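Chemist: test case, fold it:
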Amino acid sequence: MKLADLAGDIPPSKSADENFEAKMQLKTWPALRMMVVDFPKSFIDEVNTFIDDVVIPDNKDYGHSLIGQIRQDKNSKQLGFPLEGQEFAVEFKKVLNNCATAYIQKSLKRESVAEAFEAWTVHSYAGDYNPRHSHGCNTMAGLSSLMWLKVPDSIKNLKPDSDASLHHASGVIDGWTQFSWGLHSSQDIFRLKEQTQEAMQPIEGRFLIWPNWLDHEVFPFFSEGERRTFVANFNIFDSMEEKQKYSNVLKEHLEQRNSLSPKDRKMEEKVIS
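Modeler: Now for the predicted structure:
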């Protein structure tokens with residue numbers, strides 16, 4: 001088969017050369033996976049009640065650890081949210097950990113567990129905003145999350161369609177959360193570059209989980225009402241089986257351990273402990 005046979009409009013016919021074969025495949029390198037959970041209103045009402053009855057009265061300012069510019073209203077606050085010491089907090093943490101661990105194990109196929117180690121609430125009002133940033137953790141890999149608990153009517157009732165844009169000072173993404181995982185602009189999509197940013201409209205009850213390296217920011221809004229968000233960070237703890245994927249030393253150790261008899265394995269565990 002010759003080049004002319006491939007380039008023509010007429011399907012190539014069989015020729016004496018049957019050894020020519022061109023194989024085609026598409027490779028993708030996904031840059032980001034995010035878990036989205038939509039909780040029912042009854043659950044969100046419980047969370048808001050706990051915040052109203054416990055978190056706000058405790059008034060533990062968390063602003064010293066955050067870069068959020070939450071200061072335009074007397075009720076603008078960033079408050080520490082307990083993950084222990086209260087029955088509701090303990091049960092709520094279990095829900096968070098279950099979601100984050102499911103994200104790690106099912107989406108990322110990682111033999112690990114996630115555990116929330118810090119949490120806070122953000123009470124934003126007109127003019128408040130959060131600059132672009134990412135979160136930290138205490139382990140090599142970590143997760144961050146947010147849950148929208150209250151959304152002002154001006155944001156909630158906006159129904160942007162596919163033709164919506166920022167032109168003419170539309171305010172279409174006021175109060176939205178923007179995620180960025182690259183340096184491309186929206187125009188770069190037309191130059192065959194993949195999307196590297198996404199602005200998401202707050203929806204009450206929606207819970208997002210993502211790798212903690214992901215940059216994000218919150219745009220200000222300029223209407224009445226509270227924009228309330230719950231935020232939590234997670235440490236990730238890998239199993240020995242997961243760790244050995246990245247370490248030849250651990251891999252050899254596990255192989256040697258698996259070759260031991262049950263009696264010798266118990267003896268080794270006793271020595272290690």
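
Chemist: so who does the residue nearest the centre of the chain touch?
Modeler: Centroid-nearest residue in the chain: residue 210, 1.4 Å away (criterion: C-alpha atoms, centre = their mean). By C-beta atoms under 8 Å, 6 or more residues apart in numbering, the contact list for residue 210 reads 32, 33, 34, 35, 143, 144, 145, 179. Placement of C-beta: from N, CA and C, glycine included.

Chemist: strands - which of those residues land there?
Modeler: When strands are assigned by DSSP state E, the members of the contacts of residue 210 inside them are 35, 143, 144, 145, 179.

Chemist: what helix or strand does the closest residue to residue 174 other than its chain neighbours sit in?
Modeler: Taking C-beta to C-beta, 6 or more residues apart in numbering, and ignoring the residues beside it in sequence, residue 174 has residue 221 as its nearest neighbour in space, at 4.2 Å. Using DSSP states H and E, residue 221 is not contained in any helix or strand.

Chemist: my read: residue 221 touches residue 155, true?
Modeler: Yes: taking contact to mean C-beta atoms under 8 Å, the distance of 5.9 Å between residue 221 and residue 155 places them in contact.

Chemist: which residues of the protein fall in helices?
Modeler: With DSSP state H as the criterion, the chain has helices at 3-7, 41-50, 56-58, 87-102, 153-156, 240-243, 248-258, 262-272.

Chemist: among those helices, which gets the worst mean confidence?
Modeler: Mean pLDDT across the helices of the chain is lowest at helix 262-272; the value there is a mean of 53.

Chemist: residue 166 - nearest residue in space that isn't next to it in sequence?
Modeler: Distances taken as C-beta to C-beta, 6+ apart place residue 172 nearest to residue 166, at 6.2 Å, with adjacent residues excluded.

Chemist: ok, now how distant is the one you found from residue 116?
Modeler: Distance of residue 172 to residue 116, given as C-beta to C-beta, to the nearest Å: 33 Å.

Chemist: between the two, tell me which one has more neighbours.
Modeler: Each of residue 172 and residue 116 had its neighbours counted (other C-beta atoms under 10 Å), and the higher figure belongs to residue 116 (21 against 16).

Chemist: the more buried one against residue 231, yeah?
Modeler: No: counting by C-beta under 8 Å, no contact exists between residue 116 and residue 231, whose distance comes to 10.3 Å.

Chemist: I figured the residue nearest to residue 166 hits residue 165, correct?
Modeler: Yes: using C-beta under 8 Å, residue 172 is in contact with residue 165, at 7.0 Å.

Chemist: mind listing what residue 207 touches?
Modeler: 35, 36, 37, 38, 39, 99, 145, 146, 147.

Chemist: which residues does it bridge with?
Modeler: As for beta bridges, residue 207 partners with residue 37, residue 147 under DSSP bridges.
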